[in-house]
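Q: Turn this into a structure:
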Amino acid sequence: MNTSPPDGKPVYRLITGKDDSNFCRRISEALAIGYRLYGSPSCTFNGKDVIVAQAVLWPDTSA
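A: This next block holds a predicted model:
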């Protein structure tokens, strides 16, 4: 596994968006390249859509 995320992405990312298949795809892609879920997802309602947030973290490979 790479010691750092690809394409200059940060080690910690907070992925947010409307709760739809596009958001799920973005999370799935992050997991597929090596990120791990960090904490529980959060959601809120903006009056029209449910907005979700999920933190992902690149695993510590120094151990």
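Q: quick one: the strands in the chain?
A: Using DSSP state E, the strands found in the chain span residues 12-18, 36-45, 50-57.
Q: how about CSV for these, with mean pLDDT and distance to A30 added?
A: Every residue, glycine included, has its C-beta placed from N, CA and C. Conversion of the strands of the chain to CSV gives the following (pLDDT from 0 to 100; distance: least, CB to CB, whole Å):
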stretch, mean pLDDT, distance to A30
strand 12-18, 98, 7
strand 36-45, 98, 9
strand 50-57, 98, 5
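Q: closest to P6 out of the ones you listed?
A: Each of those has some distance to P6 by CB to CB; the shortest is strand 12-18, at 12.3 Å.
Q: Report the strands that pair with the closest one, each with its relative direction.
A: Looking at strand 12-18 with DSSP bridges, its partner strands are strand 50-57 (antiparallel).
Q: Distance from the partner strand to the middle of the chain?
A: In terms of CA atoms, centre = their mean, to the nearest Å, the centre of strand 50-57 is set 6 Å apart from its chain centre.
Q: Need the residues that contact it.
A: Residues outside strand 50-57 that contact it (CB atoms under 8 Å, 6 or more residues apart in numbering): 11-19, 23, 27, 30-31, 35-39, 41-45.
Q: Apply 7 Å and report the result again.
A: If you take CB atoms under 7 Å, 6 or more residues apart in numbering as the criterion, strand 50-57 is touched by 11-19, 23, 27, 30, 35-39, 41-44.
Q: do the same with stretch 5-15
A: 26-27, 30, 33, 35, 53-58.
Q: switch the cut-off to 6 Å
A: With contact meaning CB atoms under 6 Å, 6 or more residues apart in numbering, stretch 5-15 is reached by 26, 53-58.
Q: Please pick the buried ones from the contacts of strand 50-57.
A: The neighbour count (16 or more other CB atoms under 10 Å) marks 13, 15, 23, 27, 30, 35 as buried among the contacts of strand 50-57.
Q: For Y35, grab phi and psi.
A: Here is the backbone geometry of Y35 (degrees, to the nearest 10): phi -70, psi 160.
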